[in-house]
Structures are given as structure tokens and as C-alpha cells.
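**Q** please work out how this folds:
(one chain, ligands or ions: 1)
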Amino acid sequence: MTPMPVTHSAAVALLALVVAAPTLAQQPDQSAAYLAANCANCHGTQGRGAGAMPSIAGQNKEYLVEQMRAFRDGKRPATVMQHLAKGYTDAQINLIAEHFARQPVR
Ligand code: HEC
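**A** Next comes the predicted model:
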């Protein structure tokens, strides 16, 4: 059987990515930082409120989890958050809330 160069180089590329990833990460928990990046556009870098947008940095973790669930379940009226919150599982909401609770308020 002949060797499979494509698969091999793909494996090498994947390995390079895995090796490089910790260097690129700014937060210790990469998956939380990745999920939280989706919120920065509106809530500001690291959740520190930009303008009229509510600041979510340094908020109580339980509060953040409750708000996200309330948005998702339609219990808290919102303009955009009810749509966004539907995209996350409970586990992801936990990670995101933990991440923002750890961010300095300013
Ligand atoms: C498109 C802009 C936008 C994005 C993206 C966004 N938000 Fe929001 N967020 C809002 C707005 C606007 C509100 C005020 C409620 C509303 O009208 O939806 C809000 C409110 C909140 C609140 C309530 C704050 C409080 O003080 O009670 C939380 C918590 C929150 N967002 C978390 C998040 C998280 C976590 C993400 C990322 C997964 C995120 N938001 C992404 C616009 C956004």
C-alpha cells in the first residue's frame, strides 16, 4: 500500500495547531475565552460595558447564569439577548458566566 501524503501533512498541521494554541490563548480557559469573545462586540472587551451596553465584567456568576437562562427561556424581556442566549447550552452558559465573573470591572 502506498503512503498517504495528504493525511500525513494534515496530521502534521493539526499537531502544529495543537502545539501553538496555548501560546495564542490569552485566558487560561481557552474554550471559555472563545465563547466569551462572541459577547465583546456589544458588551465591550472582556465584558466591560461600552457606552449604554450593560457591563457584564465582574458580575456575580450566579446572576449571569440566571440572566442568560431567563433570556433563553423567554422569562426576561429583551431586544437581542433572547435570541443569542438560545445558542448556548447550560454548560456553555456556565463557562461564559465564570469567565465574565473573573474579569476586572475596569
Ligand atoms: C448584538 C449585541 C449583543 C451581543 C452580541 C451580546 N449581548 Fe448581552 N445584551 C445586549 C443587550 C442590548 C442587552 C440588554 C437586554 C436586551 O435588550 O437584549 C444585553 C444584556 C445582557 C445581560 C444582562 C445584563 C444585566 O445587567 O442584567 C447579560 C448577562 C448579557 N447580555 C450577557 C451576554 C453574553 C454572555 C453574551 C455573549 C454570549 C452577550 N450578552 C452578547 C446585547 C448583546
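**Q** rest of the way, CA atoms for contacts and neighbours
**A** Noted.
**Q** please name the residues that touch Ala101.
**A** When contacts are counted by Cα atoms under 8 Å, 6 or more residues apart in numbering, Ala101 touches 56-61.
**Q** of those residues, grab the buried ones for PyMOL.
**A** If you want just the buried ones from the contacts of Ala101 in PyMOL, going by 16 or more other Cα atoms under 10 Å, the selection is:
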select buried, resi 56+57+58+59+61
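**Q** tell me the secondary structure of Arg76, please.
**A** Here Arg76 is recorded as coil under DSSP: H, G, I helix; E, B strand; the rest coil.
**Q** and it, how far from the ligand?
**A** 9 Å (Cα to the nearest ligand atom, to the nearest Å).
**Q** give me the phi and psi angles of that residue.
**A** Arg76 adopts backbone torsions of phi -120, psi 120, taken as degrees, to the nearest 10.
**Q** and for it, nearest residue in space, chain neighbours not counted?
**A** Nearest non-adjacent residue to Arg76, counting by Cα to Cα, 6 or more residues apart in numbering: Ala70, 5.1 Å away.
**Q** the one you found: neighbouring residues, count only.
**A** The tally of other residues near Ala70 (other Cα atoms under 10 Å) stands at 17.
**Q** so it sits right up against Met81, yeah?
**A** No - assessed by Cα atoms under 8 Å, Ala70 is found out of contact with Met81, at 9.6 Å.
**Q** Gln46: what's it in contact with?
**A** Taking Cα under 8 Å, 6+ apart, one finds 36-37, 40, 57, 100, 103 in contact with Gln46.
**Q** close to the ligand: what parts of the chain are there?
**A** Applying Cα under 6 Å from any ligand atom, we find that the chain lies next to the ligand at 36, 38-39, 41-43, 54, 56, 64, 67-68, 78-81, 96.
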